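Novice: Structural data only, the sequence is not supplied:
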C-alpha cells in the first residue's frame, strides 16, 4: 500500500509541475504570441473613441479626463501608471500586452513640477514616454461681473493660472453669427496657480467676454461681463441721472409700503445698495420713479440688469413698469423671477423677453412686485442698470 501511495503522489507531483509550467507559459505571452516578459515599451498614445477614428494617429498631449490608449510592447503586466509622477488608477480588464486604456487624471500636476512624462511600471521594468498634460486656464468663479471706473480688478479663481501670458477682452457681438471686431488687451495684475487678477482698461465696449491664454492654449470663457461706465444707471452707488427731452434729473426710490432706503449695510458692488422691508400681506410694490423729468426708453439698451440680496426666505418677484402692455404692477408670467434667500442674485435679462418696456416708451415707474408677501422680510438691491 505504501508503494502505491508513493506512486500516486509522484504522479500528482508531475501533474502539478506541468500545470505550473503551462500557467507560466500563459503569463509569458498573450494570445498573439508577443512576449510580455521583457522591458515594457511605449510606442505611441492615441485618443480612444467609439469609432476608433484616432487609432492610426499619435498625440503628444491631451487635456485632463481624456480617455487614452497607450500602445507598445510588454504592457500586459503594468502595475502602476503615472502622469507627471501623479499615480492614477486603471482597469486591468482592459489591459493587454500591447495596449493600456487609461483616463488622463484631472489632478495630474501641470505647474513647474510637471515632468511632462507618462511612466508605466511592470515587474520587468519601466517605460517612459514624453507627454504633456494640456491644462488650459479653468475658471471656477469670479468676484465682479460689472466692471468700470472705481470698481477695482476682476479676480478669477480656478486652476492653471500660474503660466497665463495674455488676457484679451472681446466685445460681445450683436448675434452669434456677427463677427467679433473689437477687443482690448487687459492688464494681468497678479497670477498664481488658483487665482488670476485682471484689470480691464477704460473702454467703450458695453459687454465683453474673456479669452485667457497660458502655455497650454486659450480658454474662451463664455460668461458676459458688463461695462458699468457705458450703461444707463438707475441705482449703483446712488440714484442714477435722467437726461431727456423734459430736462435733467435723477431717479428716486418709491414703494407701496415701507420706503426704499439707501444704506451701506450690504453691497453687490461698491459700498452702497438700497433696502426694502416687507410687511405681511397687503399691496406691495417697490422700485424707482422719474415723474419729472420722465425717462424715455430707446431700443439701443438691450438688457435690464440688477442684483438682489435675498432675505430670510426665497421670494418670487415680478418685474413691472408703466410701459407694460399688461398694465402697471401686473403679475405677468414672463416677468417673474425667483430671488434665493440670503445670497446675492444677479440678473441680466433681455428686455425683448419681458413685457416691460418698448422703444419710445415713457416710463415714470419701474420696479418689482411680490405677491402678498406672506412673511415679513428685508431685501437689498444694487447695480440696477440698462445695458446696450
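Specialist: That came in fine, so what should we check first? Keep in mind the model is a prediction, meaning the values are calculated, not measured.
Novice: which other helices and strands contact the strand or helix carrying residue 378?
Specialist: In this assignment (DSSP states H and E), residue 378 forms part of strand 377-387. Strand 377-387 is packed against strand 232-235, strand 273-278, strand 303-309, strand 344-350, with contacts defined by 3 or more C-beta pairs under 8 Å, 6 or more residues apart in numbering; DSSP states H and E. All C-beta atoms are positioned from the backbone trio N, CA, C, and that covers glycine.
Novice: Could you check how far that strand is from the centre of its chain?
Specialist: A distance of 24 Å separates the C-alpha centroid of strand 377-387 from that of its chain, computed with C-alpha atoms, centre = their mean, to the nearest Å.
Novice: Does the nearest residue to residue 232 once chain neighbours are set aside have any beta-bridge partners, and if so which?
Specialist: If the residues on either side of it in the chain are set aside, residue 232 comes closest to residue 386, at 4.1 Å by C-beta to C-beta, 6 or more residues apart in numbering. Taking DSSP bridges, one finds residue 232, residue 304 as the beta-bridge partners of residue 386.
Novice: Next one: residue 386 relative to residue 206, how far apart?
Specialist: Using C-beta to C-beta, to the nearest Å, residue 386 is found at 11 Å from residue 206.
Novice: related to what we said a few turns ago, need the helices and strands packed on strand 377-387 in JSON lines with distance to residue 157, mean neighbour count and mean pLDDT, can you?
Specialist: As requested, the helices and strands packed on strand 377-387 are arranged in JSON lines below (distance: least, C-beta to C-beta, whole Å; neighbours: other C-beta atoms under 10 Å; pLDDT from 0 to 100):
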{"stretch": "strand 232-235", "distance to residue 157": "28", "mean neighbour count": "22", "mean pLDDT": "98"}
{"stretch": "strand 273-278", "distance to residue 157": "24", "mean neighbour count": "22", "mean pLDDT": "95"}
{"stretch": "strand 303-309", "distance to residue 157": "19", "mean neighbour count": "21", "mean pLDDT": "98"}
{"stretch": "strand 344-350", "distance to residue 157": "17", "mean neighbour count": "16", "mean pLDDT": "98"}
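Novice: what about these, which gets the closest to residue 295?
Specialist: Shortest separation from residue 295 across those is recorded for strand 232-235, at 8.8 Å, computed as C-beta to C-beta.
Novice: could you say what helices and strands the closest one packs with?
Specialist: Applying 3+ C-beta pairs under 8 Å, 6+ apart, one finds that strand 232-235 makes contact with strand 377-387.
Novice: quick one, the strand it packs on and strand 303-309 angle?
Specialist: Here strand 377-387 runs at 160 degrees with respect to strand 303-309, directions being taken by axes from the mean of the first three to the mean of the last three C-alpha atoms, to 10 degrees.
Novice: Now strand 377-387: average pLDDT?
Specialist: Confidence over strand 377-387 (mean pLDDT, whole number) is 97.
Novice: low-confidence ranges in the protein?
Specialist: Along the chain, the parts satisfying pLDDT under 70 run over 1-37, 50-56.
Novice: Report the contact partners of the residue minimising distance to the centre of it.
Specialist: Taking C-alpha atoms, centre = their mean as the criterion, residue 140 is the residue nearest the geometric centre of the chain, at 5.0 Å. Under the criterion of C-beta atoms under 8 Å, 6 or more residues apart in numbering, the neighbours of residue 140 are 157-159.
Novice: which of the residues you listed are buried?
Specialist: For the contacts of residue 140, a burial check counting by 16 or more other C-beta atoms under 10 Å picks out 158-159.
Novice: Looking at the contacts of residue 140, spot the one nearest residue 382.
Specialist: Comparing the contacts of residue 140 against residue 382 with C-beta to C-beta picks out residue 157 as the nearest, at 21.7 Å.
Novice: Shouldn't the residue nearest to the centre of the chain be within a strand?
Specialist: Yes - when the secondary structure is assigned by DSSP: H, G, I helix; E, B strand; the rest coil, residue 140 falls within a strand.
Novice: what's the neighbour count on residue 291?
Specialist: Residue neighbour count, defined by other C-beta atoms under 10 Å, stands at 12 for residue 291.
Novice: Identify the residue spatially nearest to it, adjacent ones excluded.
Specialist: Residue nearest to residue 291 in three dimensions, not counting chain neighbours: residue 364, with 5.4 Å by C-beta to C-beta, 6+ apart.
Novice: and that neighbour, how far is that from residue 296?
Specialist: 11 Å.
Novice: With residue 150 instead?
Specialist: Using C-beta to C-beta, one obtains 28 Å as the distance from residue 150 to residue 296.
Novice: of those two, who's got more company?
Specialist: In this comparison of residue 150 against residue 296, neighbours counted by other C-beta under 10 Å, the higher total goes to residue 296 at 16 against 10.
Novice: So the more buried one versus residue 321, what's the distance?
Specialist: Distance check for residue 296 against residue 321: by C-beta to C-beta, it reads 13 Å.
Novice: where do the contact lists of the two overlap?
Specialist: For the pair residue 296 and residue 321, residues contacting each of them under the criterion C-beta under 8 Å, 6+ apart are 361, 363.
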